[in-house]
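*Asks:* structure, please.
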Amino acid sequence: PLVLETVVANSRLTKVLIDGGSGLNLIFAKTLKSMGLDTSTLQPADTPFYGIVPGKAAIPLGQITLPVTYGTSSNYRTEFIKFEVADFETSYHAILGRPALAKFMAIPHYTYLVLKMPGPHGVLSLRGDIKRFYLCDKEAVEYAVRAASTIDRQELQPLAAAVVAEDDDAPTQKKTRAIKPVEKVATKTIDLQTGDPSKTAVIGSNLTPA
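*Replies:* Residues are numbered from 1 along each chain as shown. Below is the predicted model of the structure:
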């Protein structure tokens, strides 16, 4: 990831992700709170976005427009960027997507981890720290794993409750029909009258004559 220090509304944010694949700019409620900005005056926004929270859509709290500055005192650019305000845990302070890059006319170089844009006194080349990139990426993966685990638990809880309900309706013990013991019956052996005295049959001795 390309992560840069960025001055937003006179606050220096050390972990701003430059994401050329994102179609919107994000800033997080926790970031605004640390900047001392009030989130109660946000412009309304109810369009969900995907790809930030794994597996589900996120609804922004609203929109806010803030000045974003890059460069030095002798050569800098400031543009007013509209952010969607999201309220969930993340490793970044903000995410600048294609709308912000277009506003700054900036080009990210992910291989060299450099963002270049025109300034009033020449090209601005903004570089970041590789160690910071690594730590942010590692933290982002940890947040994603925890979020995915939470989603799995939320999806499994209704299924588990349904299984428990079905178990409550099922009989706890299968009823079996008792088998009566066979009573001892008096028998007798009769000749089958086949001419062979070895061919006989055993019948009850109390049978009535046919």
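*Asks:* so Pro67 sits against Tyr76, correct?
*Replies:* No: contact criterion C-beta atoms under 8 Å: Pro67 and Tyr76 do not qualify, at 11.2 Å. Quick note: C-beta positions are derived from backbone N, CA and C, even for glycine.
*Asks:* low-confidence ranges, the protein, go.
*Replies:* 50-57, 143, 146-185, 207, 209-210 (pLDDT under 70).
*Asks:* tell me where it has strands.
*Replies:* Using DSSP state E, the strands of the chain run over 2-8, 11-18, 26-28, 62-72, 75-86, 94-96, 107-109, 114-119, 122-127, 187-191, 200-204.
*Asks:* if I look at Thr200, how far off is Ile190?
*Replies:* According to C-beta to C-beta, to the nearest Å, Thr200 and Ile190 sit 6 Å apart.
*Asks:* try Tyr76
*Replies:* Counting by C-beta to C-beta, the gap from Tyr76 to Ile190 is 121 Å.
*Asks:* tell me how many other residues surround the closest residue to Gly128 other than its chain neighbours.
*Replies:* Closest residue to Gly128 apart from its sequence neighbours, by C-beta to C-beta, 6 or more residues apart in numbering: Leu4 at 4.9 Å. If you count neighbours by other C-beta atoms under 10 Å, Leu4 ends up with 22.
*Asks:* doesn't Asp19 make contact with Leu4?
*Replies:* No: using C-beta under 8 Å, Leu4 is not in contact with Asp19; the gap is 11.4 Å.
*Asks:* let me see the contact set for Leu42.
*Replies:* 61-64, 85 (C-beta atoms under 8 Å, 6 or more residues apart in numbering).
*Asks:* sounds good, over and out.
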